[in-house]
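Enquirer: What follows is a predicted structure for the sequence shown.
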Amino acid sequence: MTFIKKYKIYIILLIGIFSIILINYEDFFQSDNISANEYSEVLITSEYSESEQEHIIVDIKGEVNVPGFYEVPSYLRVGDIIKVAGGLTENADIEEINLTSKIYDEMIIIIPSLVQNHEDNTSDALIKVIVQIKGEVLNPGVYEIYYNSRISDLIQLAGGLTESADISEINLASKVYDEMVIQIPTIEEETNIMPNQDLIKILVEIKGEVLNPGVYELYENSRIYDLINKAGGLTIEADINNINLVEILEDSQVIIVPKINDSSSVENKRIIVEIKGEVNNPGIYYMDEGLRIYHLISRAGGVTESACLESIDQAQILEDGMTIIIPSESTADEEVERKILVEIYGEVIHPGTYYILESYTLIDLIYEAGGVTTNCDLSKVDFEITLCLGATIYIPSYDDEVIENTESDLININTANLETLMTLPGIGQILAQRIIDYRAEYGSYLTIEDIMNVSGIKESIYEQIKESITV
């Protein structure tokens, strides 16, 4: 008793310390487990295993509540890091961010702002710049593209990548600027040799406006246009303007092909065109009025390796109901017959512009237009007329008066074909083709003097031919 009384204070103090240690046992001895439990509450994957203890440093910026550097387990995904950083702000824009992407050491994640994106889109939407792309793209060259477009948009405009393209060190999300030159390098032979590469497969899902949405198994390094082809192609209402068709797919990735926003047709009139042949995604597409054939080729995923574009005027403006056929090199070698654009109106069932073979007769063109109406007067139709590029054909009715042609010896520069134009003094094959190309791009000549707008035809040549031509 004497001992207990003597050391009573010390005994109480020891009991108190022991009690505190028991209560906070996990804080003293299991701090690592607490860290793991905290992360487990924000995991969006189930890949964690107790053996994985590697930690990495990630920097997250922009529209998160607590931006900064974080030391986290290497098995986390981008969506996990956002939660670790306190979640997204109200202005966060994650439309183009893949939340399932794996993270890596020293990774920088930037969450953009909706407000900033809106300001950029409204102020720079109409500004265009000139850029050049070289190397491993299907159609290298100089292109006009909207300011704030990305390198991925430029690659699509150039027809997509070749099989030998190496984009491992190219940031496809970088913005382009005026007079920029992009070089797409070739894969080096030693990096191209990967044992068992062909045996590696991934699973991806595609939803939205494709004919057969679902989950598909593809080879590693396949691209989005490969997935679209495997899903049966696009529907008529698919909108792939904001989809990078050459993007390489990753395992477990989900691709959503959106539907065309009907409200957009209020501002820009849309037309329906068809593209066939050597493109990656042939089919029917809605396009904005005023766009050209090269826009349609880009929309269809670019041309294939066997495509031949020599006979295609990519600068030609698209017309509603037009069908574009991209020939292959093999068929081009067999001298595929040239196609021309002609317009027919008047007493036909379906008046409009048609893309037809150059050998077509007027009867063939009338058949393409659905035939004549019951009010058509066939006795007034000249079926011997030769169809040429840019020609405009009128099918008369019974009420129309026949106007005799008093200038039968004159050559109409709006309807004459190549051979006829070459009969003019001073006009060879090159100038004759320029006359045809000019009217196809800018429309019919209003006066005979307008022919001097054609490159190479000056006043001296005009003086030789002015008495022989008409409009």
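Expert: It's in. Residues are numbered from 1 along each chain as shown.
Enquirer: if you go through the stretch 1-150 of the chain in chain order, where are the helices?
Expert: Under the criterion DSSP state H, counting those that start in this stretch, the stretch 1-150 of the chain carries helices at the ranges 2-6, 8-23, 25-29, 31-40, 78-84, 114-124.
Enquirer: among these, where is the model least confident on average?
Expert: Mean pLDDT across the helices of the stretch 1-150 of the chain is lowest at helix 31-40; the value there is a mean of 37.
Enquirer: wait, doesn't Pro425 sit right on Lys466?
Expert: No - shown here, Pro425 and Lys466 do not form a contact pair, counting by CB atoms under 8 Å, at 10.6 Å. C-beta: built from backbone N, CA, C; applies to glycine.
Enquirer: of these two, who's got more company?
Expert: Between Pro425 and Lys466, Lys466 has the larger neighbour count (other CB atoms under 10 Å), namely 14 against 10.
Enquirer: That one and Asn453, how far apart?
Expert: In this structure, Lys466 lies at 14 Å from Asn453, with CB to CB, to the nearest Å as the measure.
Enquirer: Where do the strands of the stretch 251-400 of the chain begin and end?
Expert: All strands of the stretch 251-400 of the chain, identified by DSSP state E, counting those that start in this stretch, fall at 254-257, 270-277, 283-288, 323-326, 339-346, 352-357, 392-395.
Enquirer: Any buried residues in the first one, and which?
Expert: With burial defined by 16 or more other CB atoms under 10 Å, the residues of strand 254-257 counted as buried are Ile255, Val257.
Enquirer: How about residues contacting that strand?
Expert: Residues external to strand 254-257 that are found in contact with it (CB atoms under 8 Å, 6 or more residues apart in numbering): 204-210, 224, 227-228, 234, 238-240, 243, 249.
Enquirer: now those: which count as buried?
Expert: The neighbour-count test (16+ other CB under 10 Å) marks 204, 206, 208-210, 224, 227-228, 234, 238-240, 243, 249 as buried among the contacts of strand 254-257.
Enquirer: Now pLDDT and secondary structure too, for the residues you listed, in JSON lines please.
Expert: Conversion of those to JSON lines gives the following (pLDDT from 0 to 100; DSSP: H, G, I helix; E, B strand; the rest coil):
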{"residue": "Val204", "pLDDT": "89", "secondary structure": "strand"}
{"residue": "Ile206", "pLDDT": "91", "secondary structure": "strand"}
{"residue": "Gly208", "pLDDT": "87", "secondary structure": "strand"}
{"residue": "Glu209", "pLDDT": "84", "secondary structure": "coil"}
{"residue": "Val210", "pLDDT": "82", "secondary structure": "strand"}
{"residue": "Ile224", "pLDDT": "86", "secondary structure": "helix"}
{"residue": "Leu227", "pLDDT": "87", "secondary structure": "helix"}
{"residue": "Ile228", "pLDDT": "84", "secondary structure": "helix"}
{"residue": "Leu234", "pLDDT": "77", "secondary structure": "strand"}
{"residue": "Ala238", "pLDDT": "77", "secondary structure": "strand"}
{"residue": "Asp239", "pLDDT": "79", "secondary structure": "coil"}
{"residue": "Ile240", "pLDDT": "78", "secondary structure": "coil"}
{"residue": "Ile243", "pLDDT": "83", "secondary structure": "coil"}
{"residue": "Leu249", "pLDDT": "88", "secondary structure": "coil"}
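Enquirer: would you list those residues in JSON lines and tack on distance to Glu384?
Expert: Formatted as JSON lines, the buried ones among the contacts of strand 254-257 follow (distance: CB to CB, whole Å):
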{"residue": "Val204", "distance to Glu384": "58"}
{"residue": "Ile206", "distance to Glu384": "54"}
{"residue": "Gly208", "distance to Glu384": "52"}
{"residue": "Glu209", "distance to Glu384": "47"}
{"residue": "Val210", "distance to Glu384": "49"}
{"residue": "Ile224", "distance to Glu384": "51"}
{"residue": "Leu227", "distance to Glu384": "52"}
{"residue": "Ile228", "distance to Glu384": "47"}
{"residue": "Leu234", "distance to Glu384": "43"}
{"residue": "Ala238", "distance to Glu384": "45"}
{"residue": "Asp239", "distance to Glu384": "46"}
{"residue": "Ile240", "distance to Glu384": "46"}
{"residue": "Ile243", "distance to Glu384": "50"}
{"residue": "Leu249", "distance to Glu384": "57"}
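Enquirer: Out of the residues you listed, which comes closest to Asp153?
Expert: Of all the buried ones among the contacts of strand 254-257, the one sitting nearest Asp153 is Ile243; the distance, using CB to CB, is 10.7 Å.
Enquirer: My guess is the closest one contacts Ile224. True?
Expert: Yes - using CB under 8 Å, Ile243 and Ile224 qualify as a contacting pair, with a distance of 6.5 Å.
Enquirer: Return the distance of the nearest residue to Ile60 once chain neighbours are set aside relative to Ile81.
Expert: The shortest distance from Ile60 to any non-neighbouring residue, by CB to CB, 6 or more residues apart in numbering, is to Ile109 (4.5 Å). Counting by CB to CB, the gap from Ile109 to Ile81 is 6 Å.
Enquirer: Comparing the two, which residue is more hemmed in?
Expert: More crowded of Ile109 and Ile81, by other CB under 10 Å: Ile81, with 22 against 19.
Enquirer: and of the strands of the stretch 251-400 of the chain, who's closest to Tyr294?
Expert: Checked against CB to CB, the stretch from the strands of the stretch 251-400 of the chain lying closest is strand 323-326, at 10.5 Å.
Enquirer: for the closest one, what is the average pLDDT?
Expert: Within the predicted structure, the mean pLDDT of strand 323-326 is 88.
Enquirer: burial of Ser359, as a residue count?
Expert: 11.
Enquirer: What distance do you get for the nearest residue to Ile411 once chain neighbours are set aside to Met452?
Expert: Distances taken as CB to CB, 6+ apart put Ile469 closest to Ile411, at 5.2 Å, once the chain neighbours are dropped. The span separating Ile469 from Met452 equals 12 Å under the rule CB to CB.
Enquirer: tell me the contacts of Val471?
Expert: With contacts defined as CB under 8 Å, 6+ apart, Val471 is in contact with Asn412, Ile413, Asn414, Ser444, Tyr445, Leu446, Thr447, Ile448, Asp450.
Enquirer: and Leu172, helix, strand or coil?
Expert: Following DSSP: H, G, I helix; E, B strand; the rest coil, Leu172 is assigned to coil.
Enquirer: Only the buried residues of stretch 296-309, if you could.
Expert: Leu296, Ile297, Ser298, Arg299, Ala300, Gly301, Gly302, Val303, Thr304, Ala307, Cys308, Leu309.
Enquirer: Pretty sure the second one sits against Gly277.
Expert: No - with contacts defined as CB under 8 Å, Ile297 does not count as touching Gly277, sitting 10.4 Å away.
Enquirer: which residues do these two both contact?
Expert: When contacts are counted by CB under 8 Å, 6+ apart, Ile297 and Gly277 are jointly contacted by Ile324, Ile326.
Enquirer: quick one: the helices in the stretch 251-400 of the chain?
Expert: For the stretch 251-400 of the chain, the helices defined by DSSP H, counting those that start in this stretch occupy 264-267, 293-299, 329-333, 362-368.
Enquirer: now for the last one, which elements pack on it?
Expert: The one in question is helix 362-368. Under the contact criterion of 3 or more CB pairs under 8 Å, 6 or more residues apart in numbering; DSSP states H and E, helix 362-368 touches strand 339-346, strand 352-357, strand 392-395.
Enquirer: ok, 7 Å please
Expert: strand 352-357 (3 or more CB pairs under 7 Å, 6 or more residues apart in numbering; DSSP states H and E).
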